[in-house]
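Peer 1: Next comes the sequence, and after it the predicted model I'd like to discuss.
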Amino acid sequence: MPVDLDDLKLLSKIDRSNMMGAVDRFPDVFLRSRDQWDVSFKKPRSSIRSVVLMGMGGSASAADVVLDWLKAALPVPAVVHREPGLPAFVNARTLFVAISYSGETSETLAAFQEAKNRGSSLMGIGHGGSLASFCDRFKAPFFEVEASLAPRAALGQLIVAASSALERAYLVRSTTREISRAAQELGRIRRRYRVETPRADNPAKSLAEKLLGHSLVIYSLQRMSSVARRFKNQLAENGKLLAKYDLLPEAGHNEVEGWHERDNMLPVIIRDAQETAFEGSIFRAFRATIGSAGRSHPLDVHVAARGRLSRLLSPIFLLDYVSLYLAMLRRIDPTPTNLINEYKKR
């Protein structure tokens, strides 16, 4: 029997750990005071020549968002790193920010210790664990975030902490005002996506029903890649669904050729609320090409938003809900991640 997304009692039985409630609270994180962190960075800004944000999984998603948001404002090159080995450029003039919600991510801890060996300036972000202990031992600033249902549900806390870390290192100006504006926008759109809002008026429920039964291929511009990758990961962790993502316009120079046979694949194109005319022409050309070749009908995800941070967080918020509604439609509890746990034990 198909799942009725307006049957709140049934959805509550499926979502036994209330991941839906964790997503509902996403806007609230950005309204909280950041005075909780009594953290100082003693080196001058001129001593930093590169920034590395290190993380895995949901912690790396926060790093992706922060760089998509603030990279243009940073006076030095910055990258998100996702493996224990470090690139050759990491040295004494690098600010190395380790992000691990649990504080126990082996790859992040290994890279953190290697950065220490190279003389890098260190910061840590997480809920505690070994990373907090390392920061205490190395006398490195540690930004402790509050507990959450799962690392992926701590995205907001980690974004705020990571942006605060860059502020404390004097690499960006205060982000308080933009964070507050984004929180207000998220609060306004939350009522449209919440489980209490019926399908007829709920874009998240409607989109989930359109996506059900398809293998999803997600596309975005480079500057929206954090949104695309987050959605791909949320489909896996919440919905237990495989998906992939790629970037435009690059995909128009290679992957577009693979759409001769679609094999039940559905393209999902994440749009930016502010695009140039040239970018709009890229999307139109890509949609028309894959539509004619594979008879597929790409779905656009477009959320109105103002401000760079809001243009990232608003579609993330929508698509987090979509991943949960897809799990409900398949009668899957979104919270357990049994295969991730098995992988970590091996």
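Peer 2: Noted; the coordinates are in hand.
Peer 1: Verify the contact between Pro334 and Asp15 for me.
Peer 2: Yes: with contact defined as Cβ atoms under 8 Å, Pro334 counts as touching Asp15 (6.2 Å). Backbone N, C-alpha and C define where each C-beta goes, glycine included.
Peer 1: what sits in contact with each of the two?
Peer 2: The contact sets of Pro334 and Asp15 overlap at Leu324, Ala327, Met328 (Cβ atoms under 8 Å, 6 or more residues apart in numbering).
Peer 1: Neighbour count: Pro334 and Asp15, which is higher?
Peer 2: The residue with more neighbours, out of Pro334 and Asp15, is Pro334; 28 against 21, by other Cβ atoms under 10 Å.
Peer 1: In contact with that one, which residues?
Peer 2: Contacts for Pro334 (Cβ under 8 Å, 6+ apart) come out as Asp15, Met19, Glu237, Asn238, Gly239, Ser323, Leu324, Ala327, Met328.
Peer 1: Surely the third one and Arg152 touch.
Peer 2: Yes: in this structure, Glu237 is within contact of Arg152 by Cβ under 8 Å, at 5.7 Å.
Peer 1: Let me have the shared contacts of Pro334 and Asp15 in CSV, extended by secondary structure, neighbour count and distance to Val97.
Peer 2: Formatted as CSV, those follow (DSSP: H, G, I helix; E, B strand; the rest coil; neighbours: other Cβ atoms under 10 Å; distance: Cβ to Cβ, whole Å):
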residue, secondary structure, neighbour count, distance to Val97
Leu324, helix, 27, 29
Ala327, helix, 27, 32
Met328, helix, 26, 36
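Peer 1: picking that back up, check the contacts of Pro334 and tell me the two furthest apart.
Peer 2: Glu237 and Met328 (14.6 Å; Cβ to Cβ).
Peer 1: how about the nearest residue to Leu207, chain neighbours excluded?
Peer 2: Val322 (5.1 Å; Cβ to Cβ, 6 or more residues apart in numbering).
Peer 1: so what's the one you found up against?
Peer 2: With contact taken as Cβ under 8 Å, 6+ apart, Val322 is in contact with Ala204, Leu207, Ala208, Leu211, Phe231.
Peer 1: Quick check: phi and psi at Asp201.
Peer 2: Backbone torsions of Asp201, given as degrees, to the nearest 10, read phi -120, psi 10.
Peer 1: how deep is it tucked in, by neighbour count?
Peer 2: 10.
Peer 1: Distance check, it against Pro141.
Peer 2: According to Cβ to Cβ, to the nearest Å, Asp201 and Pro141 sit 45 Å apart.
Peer 1: Now render the shared contacts of Pro334 and Asp15 as TSV, adding distance to Ile270.
Peer 2: Formatted as TSV, the shared contacts of Pro334 and Asp15 follow (distance: Cβ to Cβ, whole Å):
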residue	distance to Ile270
Leu324	18
Ala327	20
Met328	22
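Peer 1: can you pull the contacts of Asp15?
Peer 2: By Cβ under 8 Å, 6+ apart, the neighbours of Asp15 are Leu324, Ala327, Met328, Asp333, Pro334, Thr335.
Peer 1: before we move on, what about Glu209?
Peer 2: Applying Cβ under 8 Å, 6+ apart, the residues contacting Glu209 are Leu5, Arg199, Tyr325, Leu329.
Peer 1: if we can go back for a sec, which one of Glu237 and Arg152 has more residues nearby?
Peer 2: Arg152 (28 against 24).
Peer 1: Grab the nearest non-local neighbour of that one.
Peer 2: Gly58 (3.8 Å).
Peer 1: ok, back up a step: closest to Lys116 out of the contacts of Asp15?
Peer 2: Thr335 (34.6 Å).
Peer 1: can you list the domain ranges for this structure.
Peer 2: With domains defined by automatic domain parsing, the chain comprises 8-14+195-332, 42-169.
Peer 1: Asp35: which of those domains is closest?
Peer 2: It is, among the domains of the chain and with distance given as Cβ to Cβ, domain 42-169, at 10.3 Å.
Peer 1: Pull up the distance across the closest one, start to finish.
Peer 2: Using Cα to Cα, to the nearest Å, the end-to-end distance of domain 42-169 comes out at 8 Å.
Peer 1: do stretch 76-90 as well
Peer 2: With Cα to Cα, one end of stretch 76-90 sits 13 Å from the other.
Peer 1: before we move on, what about stretch 188-200?
Peer 2: 18 Å.
Peer 1: next one: stretch 79-89
Peer 2: 11 Å.
Peer 1: quick one on the thing from earlier: now distance to Tyr101 too, for the contacts of Pro334, in JSON lines please.
Peer 2: Listed next are those as JSON lines, based on distance: Cβ to Cβ, whole Å:
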{"residue": "Asp15", "distance to Tyr101": "21"}
{"residue": "Met19", "distance to Tyr101": "15"}
{"residue": "Glu237", "distance to Tyr101": "13"}
{"residue": "Asn238", "distance to Tyr101": "16"}
{"residue": "Gly239", "distance to Tyr101": "20"}
{"residue": "Ser323", "distance to Tyr101": "18"}
{"residue": "Leu324", "distance to Tyr101": "19"}
{"residue": "Ala327", "distance to Tyr101": "21"}
{"residue": "Met328", "distance to Tyr101": "25"}
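Peer 1: from those residues, which is closest to Asp68?
Peer 2: Of those, the one sitting nearest to Asp68 (Cβ to Cβ) turns out to be Ser323, at 19.3 Å.
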